[in-house]
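Undergrad: Curious how this folds, go ahead:
(2 chains)
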Amino acid sequence: MFGLGKHDLKILIIVAILALLAPFILNPFPADSAMAQFNAGYPDLMQRFAIYGIFAIGFNILFGLTGYLSFGHAAFLGVGSYAAVWMFKLLSMNVLPAILLSVIVAGLFALLIGFISLRRSGIYFSILTLAFAQMSFNLAYSVLTPLTNGETGLQVYNDDPQILMGPNSSTVTNLFGLEMRSTYTLHIGSWNFDFAVGYYLCALIMLAMFYLSIRIFRSPFGMMLRAVKSNQTRMNYTGLNARPYTLAAFVISGMYAGLAGGLLASMDPLAGAERMQWTASGEVVLMTILGGAGTLIGPVLGSGFIKYFENIFSKINENVLHEWFSFLPQGLENIMVWMVSPFVGSGWHLTLGMLFMLIVIFLPGGLVQGGQKIMHLFRRDRPEDDKPGAARQSTPAE
Amino acid sequence: MDALILQILNGLDKGSAYALIALGLTLIFGTLGVVNFAHGALFMIGSFCAVSLSKILNLSYVTLDETQTDFLGNPLKVKTPYVESIFGADLGASIIDWAVPLAILFSIPIMIAIGFIMERGLIKHFYKRPHADQILVTFGLAIVLQEIVKHYFGANPIPTPAPDVFKGSLDFGVLLGFDANAIIYPYWRLVYFGFAAVVISAVFAFLQFTTFGMVVRAGMADRETVGLLGININKRFTIMFGIAAAVAGLAGVMYAPINSPNYHMGMDFLVLSFVVVVVGGMGSLPGAVAAGFLLGILESFASMNEIKALIPGIDQIIIYVVAIIILLVRPRGLMGKAGMMED
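TA: Numbering: from 1, shown residues only, chains lettered A, B, ... in the order given. Now for the predicted structure:
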């Protein structure tokens, strides 16, 4: 079905089920219970899952397939956001033209940056993309203020032209009148499930983009990109020029980032330069690596994981910790709280950094590899190369 | 003319910081072949060494002074730093005043220890991994280090003044025969430049004139052959990592009075220092130093009003523009060796 193999179809269906039933799956605890703070089923957060999922899927097409590590992808996200907000300012609050323009603008921007950056590879490529992203960030804050509104951030004002706005058009972001923030809340017992239009738009686009990325992974084009990663020199000797392929991958992933930026602005019509800072680029790298670079489902997992724990960890404070450890004797409780508290609340970034280091050191394949390792443990017949004899043979004498 | 000289001087202090950080980065890259994204964090830790030393020296005990009263009529509480009670009031006060220069001594062992721990504990395991992995793991380490500092020192910049002697400015123009007040330059920035020059010369002298330095240079050129000669090159490279960390730390210590230390200053400098390394030539020590000063001076020229009027925003992006041009036109950098990381 859909031109996919059995395995890929299974993954697509799993992701589709997860995405479409997310309001249920992410809301396992009743609204008034103590565990309600672990619920993630509110539209604002779910939208971010989907949007950053798109961002990471796109980044994975570049980094996972070709191995080119871009440290400037946030620039495309930022450009996409700006483009979308400009469409809101000039046309109307309909999200469709905004999203289209953000993809196009980000694609053109990626074409320009990619054309220059891809003339180098390895660490030089990382530094070039980083330099371009920092340049865009600095310019957005200074000279380009008429376009970006500087530190305030670009937003929609009442005196904007908005030429397509009719007298009774909606003044919030909408898709042909369907407002993004309109939410239907289903009450079952003490559970509240929110179904937001905005989330479902993001989720459907995410699914479409995920499907597209599977097709890219399995296409001859995807094979070319893998060839770039495994041995570019050999690829050149077979008479193939790698640059058009990597440039195409770069532009595609830039368009994914622009789409994510456009969606971010569609959910909340605001764009700021801090979205382009290089720490933001670092974040998408983290998501992809954490999930598993080069795997299909990895980026989706990684972005969901990071955004979920960012949300949960930021909410926990010392009082909550004291509640948790209250079963321990007083002294022990204080010690536990003292030990854990630097990692929660505003210390989320510390946890993130440590997690990231641990993943890179011990599990370079990310969560997907971790899952596979655990599966291997439970499987009875281990594959050949796991046997001790084979392992001994494969290690050369030092 | 005087405006030109002023801009060159203005560029020197930032250029010194770039040069010192880029020198450390290049030392690490040239010896160990590792791209260290945590180097900016080392610079930041150096700055916070100065902050902590001045905090330690300012530790005080409180006594009640019966001769003075506060506005409620109670005896006034007087804070006396322990240093003053140990060394006497005058010497104690001047020790506190000189906290930043003293932090140089304080920071060297700390930075070398941090460098050793980093290299032995983490980076050693990444020699054989791809550059992307090295970038990623040191990037993670940089986040961790900066969050730890944020946890203990807070997110706000901490002003750390220079000694009183160096406050105020030098009227540099008079020395060169211009009008008074034409070229005003703060003393501390002169000190910073002088200090950077001393540190840079010391590193070069160490590499050039000692046996240890000779072995290290040989190792940079051909690691395997040096190893075959029965020299434990890894141990020496570890020491070089410690020295590189100390250089970054010293740059940070002395930079504290110029720019109040905050936890993300390392990241801000890191991106620029990488650009400096690329412009100078990956693995070339003189290149890193020259490019550091060059870009510092270019940056201050670009922030002149005349030039900003000509090309708006050029001061924000000049360094990146130069780097992009260099990478495309001469990928090995100004002084890089041919064939070294030139893909």
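
Undergrad: Could you use CA atoms for every contact and neighbour count after this?
TA: Noted.

Undergrad: Now the host helix or strand of residue B:192: average pLDDT?
TA: Here residue B:192, judged by DSSP states H and E, is contained in helix B:187-209. For helix B:187-209, the mean pLDDT works out to 91.

Undergrad: Can you give the distance from the very next helix or strand once past it to the centre of its chain?
TA: Tracing the chain past helix B:187-209, the next element assigned as helix or strand by DSSP H and E is helix B:211-221. The chain centre lies 24 Å from the centre of helix B:211-221; the measure is CA atoms, centre = their mean, to the nearest Å.

Undergrad: which residues sit against the helix or strand just after helix B:211-221?
TA: Scanning forward in sequence from helix B:211-221 by DSSP H and E, the next helix or strand is helix B:223-228. For helix B:223-228, the external contacting residues (CA atoms under 8 Å, 6 or more residues apart in numbering or on different chains) are B:215, B:218-219, B:233.

Undergrad: how about 10 Å then?
TA: B:31-32, B:215-220, B:231-234 (CA atoms under 10 Å, 6 or more residues apart in numbering or on different chains).

Undergrad: Any chance of a PyMOL selection covering the buried ones in these?
TA: In PyMOL, a selection of the buried entries from these looks like this (16 or more other CA atoms under 10 Å in any protein chain shown):
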select buried, chain B and resi 31+32+215+216+217+218+219+220+233+234
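
Undergrad: Columns distance to chain A and pLDDT on top of the contacts of helix B:223-228, output as CSV?
TA: Shown next, in CSV, are the contacts of helix B:223-228 (distance: CA to the nearest CA, whole Å; pLDDT from 0 to 100):
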residue, distance to chain A, pLDDT
B:31, 17, 81
B:32, 15, 82
B:215, 24, 91
B:216, 24, 89
B:217, 23, 88
B:218, 23, 89
B:219, 20, 87
B:220, 19, 84
B:231, 18, 90
B:232, 16, 90
B:233, 17, 88
B:234, 16, 87
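
Undergrad: out of the contacts of helix B:223-228, which one sits closest to residue A:125?
TA: Set against residue A:125, the nearest of these by CA to CA is residue B:32 (20.4 Å).

Undergrad: The closest one: what's it in contact with?
TA: B:26, B:119, B:123-124, B:126-127, B:219-220, B:223, B:234, B:237-238, B:240-241 are the contacts of residue B:32 under CA under 10 Å, 6+ apart.

Undergrad: Tell me the pLDDT of whichever residue of the stretch 251-398 of chain A sits closest to chain B.
TA: Chain B sits closest to residue A:353 of the stretch 251-398 of chain A, with a gap of 4.8 Å, by CA to the nearest CA. Residue A:353 is assigned a pLDDT of 86 by the prediction.

Undergrad: okay but residue B:125 is in contact with residue B:138, surely?
TA: No - Residue B:125 is not in contact with residue B:138 according to CA atoms under 10 Å; the separation is 12.0 Å.

Undergrad: Give me the more crowded residue out of the two.
TA: Counted by other CA atoms under 10 Å in any protein chain shown, residue B:125 and residue B:138 do not tie: residue B:138 has more neighbours, with 25 against 12.

Undergrad: The helix or strand harbouring that one - what's its average pLDDT?
TA: Residue B:138 is part of helix B:131-153 when elements are defined by DSSP H and E. The average pLDDT within helix B:131-153 is 88.

Undergrad: got the angle between the host helix or strand of residue B:23 and helix B:211-221?
TA: For residue B:23, the element it lies in under DSSP H and E is helix B:2-32. Following axes from the mean of the first three to the mean of the last three CA atoms, to 10 degrees, one obtains 80 degrees for the angle between helix B:2-32 and helix B:211-221.

Undergrad: Show me what counts as buried in helix B:2-32.
TA: Result for helix B:2-32 [16+ other CA under 10 Å]: buried residues B:6-32.

Undergrad: one step back: is the residue of the stretch 251-398 of chain A closest to chain B located within a strand, as I assumed?
TA: No - counting by DSSP: H, G, I helix; E, B strand; the rest coil, residue A:353 is not part of a strand but helix.

Undergrad: which ones are touching residue A:6?
TA: residue A:12.

Undergrad: Please enumerate the strands of the stretch 51-200 of chain B.
TA: Taking DSSP state E, counting those that start in this stretch as the criterion, the stretch 51-200 of chain B contains strands spanning B:60-69, B:75-81, B:169-171, B:184-186.

Undergrad: End to end on stretch B:304-313, go ahead and measure it.
TA: 11 Å (CA to CA, to the nearest Å).

Undergrad: could you give the mean pLDDT of it?
TA: So the average pLDDT for stretch B:304-313 ends up being 78.

Undergrad: and what of stretch A:294-312?
TA: So the average pLDDT for stretch A:294-312 ends up being 88.

Undergrad: just checking, residue A:224 touches residue A:240?
TA: Yes - taking CA under 10 Å as the definition, residue A:224 is a contact partner of residue A:240 at 9.3 Å.
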